[in-house]
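*Asks:* here is a sequence with its predicted model. Questions after.
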Amino acid sequence: MVTTEKLNLLAPGHRACPGCGAAIALRQILRVVGRETIVVSATGCVETFTSPYGQSAWEVPWMHSLFENSAAVASGVEAALEAKGEKANVVIISGDGGTFDIGMGAMSGMFERKHNITYICYDNEAYMNTGVQRSSATPYAATTTTSPAGKNSYGKMEFKKDVPAIALAHDVEYVATTSIAYPQDLMNKVKKAIGIKGPKYIQIHTPCCIGWGFDSSQTIAMGKLAAETGLVPLFEVEKGKQMVVRKIKNTKPIQEYLNKQNRFRHLAKEDKEKIMEKLQEICNDNVKRFGISE
Amino acid sequence: MSRTAVMEGSFAVAEAVKACRPEVIAAYPISPQTHIIEELSKYVADNELSSKYVRADSEFSAASIVYGSSGTGARSYTASSSQGLLLMTEVLYAMAGTRLPVVLTGVNRTVSAPITIQPDHQDTMALRDTGVIQIYVENIQEAYATHIQAFKLAEDHDILLPVMVCMDGWILTHTFEPVKIEEQELVDKFLPPFVPKYRLDPKNPLTYGSYGDDEVPEFRYMMHFAMEKAKTKIQLIAEEYKEIFGDYFGGLTEAYKCEDAEIILVAMGSVIGTIKETIDQLRSEGKKVGVLKVRTYRPFPAEEIFEIVKNAKIVAVIDKSISVGQGGQLATDIKAALINKKTPPLVYSCIAGMGGREVNINTVKYIINKSENSLITNQVPDIDYIEIKRQYLE
Amino acid sequence: MLTIGAVCEAGKSRLNKTGSWRDYYPEITAKCTGCGICELFCPDSSITIIDKKCIINYDYCKGCGICANECPKTAILMKEERK
Ligand SMILES: Cc1ncc(C[n+]2csc(CCOP(=O)(O)OP(=O)(O)O)c2C)c(N)n1
Ligand code: SF4
Ligand code: SF4
Ligand SMILES: [Mg+2]
């Protein structure tokens, strides 16, 4: 019997929804960071589904403290390791809410102090743990429980915050965006990041079937479409080097992506055509700005 | 050999912290805590102290940083005041709940609004329910000794709770006194390196900050139980300190001329010095007065307090803070300590010294005078705002 | 005994057999070449490749259907769970 041993550091039995994109992200991240790693997470779905008392799914040391402080807690972990002369990868895995919104200050501080930490944001584009409320990572026009469509609203009225650009503005060593739909891309980027000393930022697009409204079997398919339409550009910037962008042969129209998710269903109505066009424009801009087309 | 030098209170604290060899320090400046953390950063810059010193982006982050470092098995220290302590609140609850033995200095200053940098106890009072042990000190020498004791207490495996040394801002941090600085070798003997019970370590991967499915009441009870144990530990540690260094600063409380006292004042922090002076004067006039210093506020030494005040006729409690809509916090706790006892003394609650308003010998005499009157009329005001300027309120 | 500070051991989620959540189950057909793509995508660490075939751990598989959807050989079929 030949078992192809694959390092798996997320034990089964965790409580994520069936088809959870964030759980897939964890497995892929942990495979490359390995056992010599300490992970810090913010409050959110990942924290909740992996860590019931006495039933932890983590096979690496892991610490959760609060929603908005994972970057600061990790800074302390790294400082302690340094004080003791010990070595381990310090990796943060926090949600978009804990990164884009409430944890932004702590993350900025960690970047500025130049801690040797890889900050990974799993971006499921809303506050899922509390019931799908809008975050500043929620895409334009998506409905959430706090940005519902209505007479005066077409869903989220603002654009997604550009956190990779904010990370770059801190002059960090490495910034990348990736997606669970491209595991090799994801794992290569995480591997590269942990090999570089100093602060790093990786943003992983992690579709959420529950929050976005699609069938649990479509998680990866949805991630692929997000990239193929140009809505979610996948790139990396190593300090001092040219940006490298994952190219797409034939970009797909945004409609294909939108039609498959309940959060955009309201856009099918005729009077919302302009909004739909705006979304296509965002994709077109990305394709141009990042040079996505092959 | 120990040495004695005249120094500012903040520097004495920094000396004490240095002697404890923290592995990680994280802090954010706020008056009147600044001199402590500035001095510590100077030690690090001059290579007199080998701590990793993290200049945090806020007090919230500072507390979070020592949370992470303590969980990684490093002896960790921070300090703050007022708004900064309030900003730490959420972290301090989690820190105590996760049983991380961080030591912090709570430099007492009132809180906004209105904003002012004057001292009172409003800030640390807001943290009394966090699970952080609180010890209030009377003078600079006691502040020095208490910091060294605090690490030993926090890191004891029966305790494992954060310990906050509360000291009045300006009154203690920015005044000068001769301070006895202990020999490093003796401090090392008293306080060996931190041995964590658990820590983050790839060799033994543990999960910190788990989700409480059904065990929350039990975990809260365990914290309370550790607090109860701390009552004994604090006394043992104070005695051990005396054995090694020759000085004793009290454990949970200190009773001053209370044995035969009919009137006992109860207070915390630097005001105790003023009260003792007043008591000495009044004793020479033949008045039976004494003062009880509550040193350890959390855990609250209710039994010990009762034993000290049980034969008095009236207890006058001075709070330098107020729970708005209820009254003085210390007075409330003292009343609770006496409630189920037979023939307890009367309790007279005085709010004084808020926002840095002076509490001097005359203030104390006024309180004692009112206590005497209360004994004659057998009527105690519910709550008395001492030296409030009533003309402002009309 | 509860541990101090709710610190707990690694990997104990295995006590929670999430297989009971399942409405559909994946069935591996002869077409499977053991390429391992499904293993990388399974959110529930429920697939191992043994002797060039993927083996499902039904104790934990939640039946999400991702493996079936992503298999390049359509070697995995989702079947209704008879409960
Ligand atoms: C200070 C604070 N505010 C609010 C919350 C409630 N809360 C917990 S998780 C969460 C949302 C998490 O969103 P995100 O970071 O995107 O992670 P996700 O749940 O989507 O995985 C919120 C609002 C909290 N725990 N703490
Ligand atoms: S709500 Fe979404 S992110 Fe959260 S566990 Fe479920 S699928 Fe995963
Ligand atoms: S159905 Fe889902 S949980 Fe089950 S083995 Fe396939 S991918 Fe894993
Ligand atoms: Mg989210």
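*Replies:* On my side now, so go ahead. Ligands and ions are numbered 1, 2, ... in the order given.
*Asks:* give me the most central residue, chain C.
*Replies:* Residue closest to the average C-alpha location in chain C (CA atoms, centre = their mean): C:Ser46, at 2.6 Å.
*Asks:* mind listing the strands for chain C?
*Replies:* Along chain C, the segments classed as strands by DSSP state E run C:8-9, C:24-28, C:47-50, C:53-56, C:76-80.
*Asks:* dump these into TSV; add mean pLDDT as well.
*Replies:* Putting the strands of chain C into TSV (pLDDT from 0 to 100) gives the following:
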stretch	mean pLDDT
strand C:8-9	97
strand C:24-28	98
strand C:47-50	96
strand C:53-56	95
strand C:76-80	98
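*Asks:* closest to B:Met167 out of the ones you listed?
*Replies:* With CB to CB, the closest approach to B:Met167 among those belongs to strand C:8-9: 36.8 Å. For every residue, glycine as well, the C-beta is placed using N, CA and C.
*Asks:* return the distance of the closest one from the chain's centre.
*Replies:* Relative to its chain's centre, strand C:8-9 lies at 24 Å (CA atoms, centre = their mean, to the nearest Å).
*Asks:* that one near chain A at all?
*Replies:* Yes. Using CB under 8 Å from any CB of the partner chain, we find that strand C:8-9 touches chain A at C:Cys8, C:Glu9.
*Asks:* closest point of the stretch 251-394 of chain B to chain A, which residue?
*Replies:* Closest residue of the stretch 251-394 of chain B to chain A, CB to the nearest CB: B:Arg298 (21.5 Å).
*Asks:* now do chain C
*Replies:* Using CB to the nearest CB, C:Gly65 is the residue of chain C that sits closest to chain A, at 3.1 Å.
*Asks:* state the pLDDT value of that residue.
*Replies:* Here the pLDDT value assigned to C:Gly65 is 98.
*Asks:* equivalent analysis for the one 3 residues further on, please.
*Replies:* C:Ala68 carries a pLDDT score of 98 in this model.
*Asks:* what's the neighbour count on it?
*Replies:* By the other CB atoms under 10 Å in any protein chain shown criterion, the neighbourhood of C:Ala68 contains 20 residues.
*Asks:* run through the bridge partners of the nearest residue to it once chain neighbours are set aside.
*Replies:* Excluding the flanking residues, the one nearest C:Ala68 by CB to CB, 6 or more residues apart in numbering or on different chains is C:Ile76, at 4.0 Å. When bridges are called by DSSP bridges, C:Ile76 pairs up with C:Ile28.
*Asks:* that older thread, partners of the residue of the stretch 251-394 of chain B closest to chain A in the sheet?
*Replies:* Beta-bridge partners of B:Arg298, counted by DSSP bridges, are B:Gln134.
*Asks:* show me what contacts it?
*Replies:* By CB atoms under 8 Å, 6 or more residues apart in numbering or on different chains, the contact list for B:Arg298 reads B:Arg128, B:Val132, B:Ile133, B:Gln134, B:Met227.
*Asks:* repeat for B:Met167
*Replies:* Applying CB under 8 Å, 6+ apart, the residues near B:Met167 are B:Gly9, B:Val13, B:Thr105, B:Gly106, B:Val107, B:Asn108, B:Tyr136, B:Val137, B:Ala143, B:Thr173, B:Gly269, B:Ser270.
*Asks:* helix or strand for it, which one?
*Replies:* In this assignment (DSSP states H and E), B:Met167 forms part of strand B:163-168.
*Asks:* now that strand, how far from the centre of its chain.
*Replies:* Here the centre of strand B:163-168 is set off from its chain's centre by 4 Å, with CA atoms, centre = their mean.
*Asks:* and the next element down the chain from it?
*Replies:* Downstream of strand B:163-168, the first helix or strand assigned by DSSP H and E is strand B:176-181.
*Asks:* sheet partners, orientation included, of that next one?
*Replies:* With DSSP bridges as the test, strand B:176-181 is paired with strand B:3-8 (antiparallel).
*Asks:* about what we covered before: residue contacts, the residue nearest to C:Ala68?
*Replies:* Listed by CB under 8 Å, 6+ apart, the contact set of C:Ile76 reads C:Pro26, C:Glu27, C:Ile28, C:Thr29, C:Cys32, C:Cys38, C:Cys54, C:Cys67, C:Ala68.
*Asks:* so which residues on chain C come close to chain B?
*Replies:* When proximity is defined by CB under 8 Å from any CB, chain C lies next to chain B at C:Leu2, C:Thr3, C:Ile4, C:Gly5, C:Ala6, C:Val7, C:Cys8, C:Glu9, C:Ala10.
*Asks:* picking up where we left off before, hey, C-alpha coordinates of the strand holding B:Met167 in PDB?
*Replies:* Extracted in PDB, the C-alpha atoms of strand B:163-168 (Å, rounded to 0.1, in the frame of the first residue of the first chain):
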ATOM      1  CA  VAL B 163      -1.000  41.700  37.900                       C
ATOM      2  CA  MET B 164      -1.400  45.500  37.800                       C
ATOM      3  CA  VAL B 165       0.500  47.700  40.200                       C
ATOM      4  CA  CYS B 166      -1.600  50.800  40.700                       C
ATOM      5  CA  MET B 167       0.200  54.000  41.600                       C
ATOM      6  CA  ASP B 168      -1.100  57.500  41.700                       C
END
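*Asks:* what's the PyMOL syntax to select whichever of the contacts of C:Ile76 are buried?
*Replies:* To isolate the buried ones among the contacts of C:Ile76 in PyMOL, judged by 16 or more other CB atoms under 10 Å in any protein chain shown, type:
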select buried, chain C and resi 26+28+32+38+54+67+68
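*Asks:* JSON lines for the contacts of C:Ile76, including distance to B:Glu90?
*Replies:* Compiled in JSON lines, these are given as follows (distance: CB to CB, whole Å):
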{"residue": "C:Pro26", "distance to B:Glu90": "43"}
{"residue": "C:Glu27", "distance to B:Glu90": "49"}
{"residue": "C:Ile28", "distance to B:Glu90": "48"}
{"residue": "C:Thr29", "distance to B:Glu90": "53"}
{"residue": "C:Cys32", "distance to B:Glu90": "50"}
{"residue": "C:Cys38", "distance to B:Glu90": "42"}
{"residue": "C:Cys54", "distance to B:Glu90": "45"}
{"residue": "C:Cys67", "distance to B:Glu90": "41"}
{"residue": "C:Ala68", "distance to B:Glu90": "44"}
